[in-house]
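>>> Sequence and predicted structure, then a few things I'm wondering about:
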Amino acid sequence: MQAAKPLFDYPKYWAECFGPAPFLPMSREEMDQLGWDSCDIIIVTGDAYVDHPSFGMAIIGRLLESQGFRVGIIAQPNWQSKDDFMKLGEPNLFFGVAAGIIDSMINRYTADKKIRSDDAYTPGGMAGKRPDRASLVYSQRCKEAYKHVPIVLGGIEASLRRIAHYDYWQDKVRNSILIDAAADILLYGNAERAIVEVAQRLSYGHKIEDITDVRGTAFIRRDTPKDWYEVDSTRIDRPGKIDKIINPYVNTQDTQACAIEQEKGPVEDPNEAKVVQILASPRMTRDKTVIRLPSVEKVRGDAVLYAHANRVLHLETNPGNARALVQKHGEVDVWFNPPPIPMTTEEMDYVFGMPYARVPHPAYGKEKIPAYDMIRFSVNIMRGCFGGCTFCSITEHEGRIIQNRSEESIIREIEEIRDKVPGFTGVISDLGGPTANMYRIACKSPEIESACRKPSCVFPGICPNLNTDHSSLIQLYRSARALPGVKKILIASGLRYDLAVESPEYVKELVTHHVGGYLKIAPEHTEEGPLNQMMKPGIGSYDKFKRMFEKYSKEAGKEQYLIPYFIAAHPGTTDEDMMNLALWLKGNGFRADQVQAFYPSPMATATAMYHSGKNPLRKVTYKSDAVTIVKSEDQRRLHKAFLRYHDPKGWPMLREALIRMGRADLIGSGKDQLIPSHQPTTDSYQSARRKNSTPAGSHKVAKTTLIQTQHTGLPPRGSDGSKPWDKREEAKAAAMARNKQAAKERMDAAKGKGPKPPKRKPVVPR
Ligand code: B12
Ligand code: SF4
């Protein structure tokens, strides 16, 4: 893979002399205190500003600061007018605009398109602090405020809407967000490299429209430059030549070897012969080849063509071999450069080692930001995921190659948390990332890795080229546990258990030391049909892991449980599949709490299936196999009801469905029957929340441990619907009041007023 210029090798901008700010300023007053007359760059974001490396605005802001720029933050502005967008004045270089850590539509609406009542990224968890499609609204206001200031769009919303994409909320294919936001450039995926390059060039006086060669960017072009070779993939009957999977043992740079490899196979289709010709052509190097996708107008009108475009996009995601893509939108082309080169460990350490205050900006006072509370004692150890689950878009955003921090850098961060973060009690709540156990795991050979175009290294089975060695992770856990002042290290990120079982030593380490009573894992389903469309391993892998989990828990003398998560209504799921899943749940004594129906989020492969009824992981043609799709509200509700087979509210629906499916034999009170003959009363149903999705008999642990019962990973609500942070606040306020009262009583007693109060232990607020 081509080497990239290290992030720390750029010359610093002159404003470096101001040094790092305690917090990036959010007001003119703070700028004055820092001695700044203006900001070089202003980041506008839909989240509250938390100066912590789990928050995009902090990472990007601090990184730009480390390059010498003065960076201001406009967080959750009032979008009704341009006033808030002018409060830091005009930026010298550009506005960086992001909707926040999550797509604004996902942030504001549930999977059933109902408006959410809270927002974890806002002080007080309050909803309503950001607009729908925040990237568009913010960009527009920035332009109204300062027409000539370039807009650099980034963050997850922009990244995953970079190409013409199906939008679940409007049920239509929308333009690339770059067009609708009228931004000047879009940085997709992890944006560290691109933002530094763009900022540096703008500071040298380059024009934004001339920045067209930076990886991980999308921008508007009128024509394909003359020295580029265009591969036409605008039609379904011609994708064969670009879709051919390259033998991973052949280095694609080595065109001669590749040609030999191609010649070996029988020529089934005259189009395929062209591949050899094209690859051998001296004119056609991969870095000067662009693939023309069908235009937005075409994919909007033809769902199968949309699936084809999605397939091509997914094949061009490996930074080692991806080619540029181009897609017409009306009169102009949106051009997508290949994805960024993954950061090295040194660079990851640099990014995570910047002087974050690690707390929310003081402007929020005592208001709690739930998302911050959730991660303030947790450490992100890596980025990327090679799992490729189709409902998840991490691969499309961060890529498949794992970017690791060094053990030293992670340990330093734990020490910082221990020494600086208010309220630390000795428990690190997570050492993880997109997955818990991909740290330092990679393809055995960098050459093979950079030629590979497989969408997953672990599906349909673990690739023989994958090095599944977990020893670096085990070592990391051990070093972290050994730190003075650290009592417990929990692992809360999702575990890839089919990978974990490859290392029994790792499972033992995890189970013996890092499980706080429960371990959430996500088989997502039990049936082959949906599992294949999800690219998830069969339930056999879960059983294998469960056996190991139980064995090592027993050996450690611990009562611990697995909490499996499942998705209802995923593409590929029939009513029978859900019924079988429900029977499995009942047979295994599980009562799912809050259940998750498939959320068709922008650019995920499963979303393309949902829209087109085709699986883009296989060759897409008008005649290719259709995927079962669950679209109607009734069927989605039925699938969710199967997951909560024990809930009296779902009984009428399940009864009717079972009769319709010819499975009336499952109605009755037998142990192998799913639902009773008569609708149970709501009273007879013990709140599933209290059961916390766990097998019967395990409530002892449930009472004492704060576990994650919602698929979102958000902490569980109390049985009265309250949120844990409300409870903590209440408890804290009550404890303070009791202490105050006790102190007053003692003072009064000392002054001889009133009776001598009994000696009471002070209550320590948690
Ligand atoms: C941790 C996490 C969570 C945690 C959040 C913990 C917390 N308190 O923050 C929990 C478990 C709560 C969670 C929940 C959910 N999550 Co989540 N989550 C993630 C995860 C793994 C990491 C997010 C993170 O910390 N990123 C770190 C920051 C620094 O990265 P970043 O924001 O991408 O920033 C980079 C770039 O985007 C860019 N950038 C950022 N800002 C800016 C600004 C500018 C100007 C520029 C130029 C660039 C730029 O540069 C940054 C550095 O490279 C992501 C996957 C991922 N790896 O991103 C999914 C992810 C964000 N989650 C996702 C989803 C779907 C959900 C849920 C809806 C799941 C569900 N079905 O219920 C819920 C939603 C909860 C809610 N109500 O909001 C999706 C979002 C899809 C989308 N299109 O938005 C993701 C991408 C994963 C996926 N499954 O596809 N999640
Ligand atoms: S381990 Fe992953 S990158 Fe390497 S050949 Fe297998 S699928 Fe490709």
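All right, it came through fine. Ligands and ions are numbered 1, 2, ... in the order given.

>>> Leu136 and Leu293, how far apart?
Separation of Leu136 from Leu293 (C-beta to C-beta, to the nearest Å): 22 Å. To be clear about C-beta, it is placed using only N, CA and C from the backbone, and glycine gets the same treatment.

>>> What does the residue of the stretch 301-450 of the chain found nearest ligand 2 show for phi and psi?
Per C-beta to the nearest ligand atom, Cys443 is where the stretch 301-450 of the chain lies closest to ligand 2, at 3.0 Å. Phi and psi for Cys443, reported as degrees, to the nearest 10, are phi -60, psi 150.

>>> how many neighbours does the residue lying closest to it once chain neighbours are set aside have?
Spatial nearest neighbour of Cys443, excluding adjacent residues (C-beta to C-beta, 6 or more residues apart in numbering): Glu449 at 3.6 Å. By other C-beta atoms under 10 Å, the residues close to Glu449 number 22.

>>> quick one, phi/psi of Glu449?
The phi/psi pair for Glu449 (degrees, to the nearest 10) reads phi -60, psi -40.

>>> Just list the residues touching it, thanks.
By C-beta atoms under 8 Å, 6 or more residues apart in numbering, Glu449 lies in contact with 1, 318, 320, 401, 442-443, 465.

>>> Take those and lay them out in TSV including pLDDT and secondary structure.
Formatted as TSV, the contacts of Glu449 follow (pLDDT from 0 to 100; DSSP: H, G, I helix; E, B strand; the rest coil):
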residue	pLDDT	secondary structure
Met1	69	coil
Asn318	94	coil
Gly320	94	coil
Ile401	96	coil
Ala442	96	strand
Cys443	96	strand
Asn465	97	coil
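
>>> Could you turn the buried ones of the residues you listed into a PyMOL selection?
Buried residues within those, by 16 or more other C-beta atoms under 10 Å, are selected in PyMOL with:
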select buried, resi 1+318+320+401+442+443+465
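
>>> which two from the contacts of Glu449 end up farthest apart in space?
Greatest spatial distance in the contacts of Glu449: Met1 and Asn465, 15.7 Å, computed using C-beta to C-beta.

>>> re the thing from before, looking at Leu136 and Leu293, which is more packed in?
Taking other C-beta under 10 Å, Leu136 and Leu293 do not tie; Leu293 has more neighbours (27 against 22).

>>> count of neighbours near Met86?
Met86 has 17 neighbours, counted by other C-beta under 10 Å.

>>> Next one: the closest residue to it other than its chain neighbours from Gln560, what distance?
In this structure, Met86 finds its nearest non-sequential neighbour in Ala145, 4.8 Å apart by C-beta to C-beta, 6+ apart. As judged by C-beta to C-beta, Ala145 and Gln560 stand 54 Å apart.

>>> Just the pLDDT at Gln80, thanks.
Reported pLDDT at Gln80 in the predicted model: 96.

>>> The closest residue to Gly668 other than its chain neighbours: how many residues sit nearby?
Nearest non-adjacent residue to Gly668, counting by C-beta to C-beta, 6+ apart: Ser677, 5.5 Å away. A total of 9 residues lie near Ser677 under the criterion other C-beta under 10 Å.

>>> what sits against Ser677?
Residues counted as contacts of Ser677 (C-beta under 8 Å, 6+ apart) are 667-669.

>>> so what's the residue nearest the centre of the chain up against?
What sits nearest the mean C-alpha location of the chain, by C-alpha atoms, centre = their mean, is Ile394, with 5.3 Å. Residues counted as contacts of Ile394 (C-beta under 8 Å, 6+ apart) are 384-385, 434.

>>> If we check ligand 1, which of the residues you listed are in contact?
Residues of these in contact with ligand 1 (C-beta under 6 Å from any ligand atom): Pro434.

>>> Quick one: residues contacting Met382.
348, 402-405, 433-434, 438-440.

>>> For my notes, please list these in a markdown table and give secondary structure, pLDDT and neighbour count for each entry.
Below are those laid out as a markdown table (DSSP: H, G, I helix; E, B strand; the rest coil; pLDDT from 0 to 100; neighbours: other C-beta atoms under 10 Å):
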| residue | secondary structure | pLDDT | neighbour count |
| --- | --- | --- | --- |
| Met348 | helix | 98 | 24 |
| Ile402 | coil | 97 | 23 |
| Gln403 | strand | 97 | 19 |
| Asn404 | strand | 98 | 26 |
| Arg405 | coil | 98 | 29 |
| Gly433 | coil | 94 | 24 |
| Pro434 | coil | 94 | 21 |
| Met438 | coil | 97 | 28 |
| Tyr439 | coil | 98 | 23 |
| Arg440 | coil | 98 | 20 |
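
>>> Kindly indicate which of those residues lies nearest Glu555.
Tyr439 (24.2 Å).

>>> Can you check the pLDDT for the closest residue to that closest one other than its chain neighbours?
Once flanking residues are discounted, Tyr439 sits nearest to Leu473: 4.4 Å by C-beta to C-beta, 6+ apart. For Leu473, the pLDDT comes out at 98.

>>> measure Leu473 to ligand 1 for me?
As defined by C-beta to the nearest ligand atom, to the nearest Å, Leu473 lies at a distance of 17 Å from ligand 1.

>>> hang on, that residue in a helix?
Yes: checked against DSSP: H, G, I helix; E, B strand; the rest coil, Leu473 lies within a helix.

>>> so what's it up against?
Shown in contact with Leu473 (C-beta under 8 Å, 6+ apart): 437, 439-440, 506.

>>> residue ranges with poor pLDDT in this protein?
Screening the chain residue by residue with the criterion pLDDT under 70, one finds the ranges 1, 237-284, 682-766.

>>> Residues of the stretch 351-500 of the chain that sit close to ligand 2?
Proximity of the stretch 351-500 of the chain to ligand 2, by C-beta under 6 Å from any ligand atom, involves residues 386, 443, 448-449, 452, 454, 457, 463, 465-466.

>>> Just the ones in strands from these, please.
Judged by DSSP state E, these include 443, 466 as members of strands.

>>> which two of the residues of the stretch 351-500 of the chain next to ligand 2 lie the greatest distance from each other?
Top of the distance list for these (C-beta to C-beta): Phe386 and Ile448, 13.0 Å.

>>> Of these two, give the one with the bigger neighbour count.
Neighbour comparison, Phe386 and Ile448: the larger count goes to Phe386, with 28 against 17 (by other C-beta under 10 Å).

>>> Name the nearest residue to that one, ignoring sequence neighbours.
In space, Phe386 is closest to Cys457, 4.0 Å off (C-beta to C-beta, 6+ apart).

>>> and what of Met579?
Using C-beta to C-beta, 6+ apart, the closest residue to Met579 is Phe642 (6.0 Å).

>>> how many other residues sit next to the one you found?
30.

>>> so it sits right up against Asn580, yeah?
No: in this structure, Phe642 is not within contact of Asn580 by C-beta atoms under 8 Å, at 9.1 Å.

>>> Let me see the contact set for whichever residue of the stretch 501-650 of the chain sits closest to ligand 2.
Per C-beta to the nearest ligand atom, the residue of the stretch 501-650 of the chain with the smallest distance to ligand 2 is Met535, at 12.0 Å. By C-beta under 8 Å, 6+ apart, Met535 lies in contact with 387-390, 455-456, 459-460, 617.
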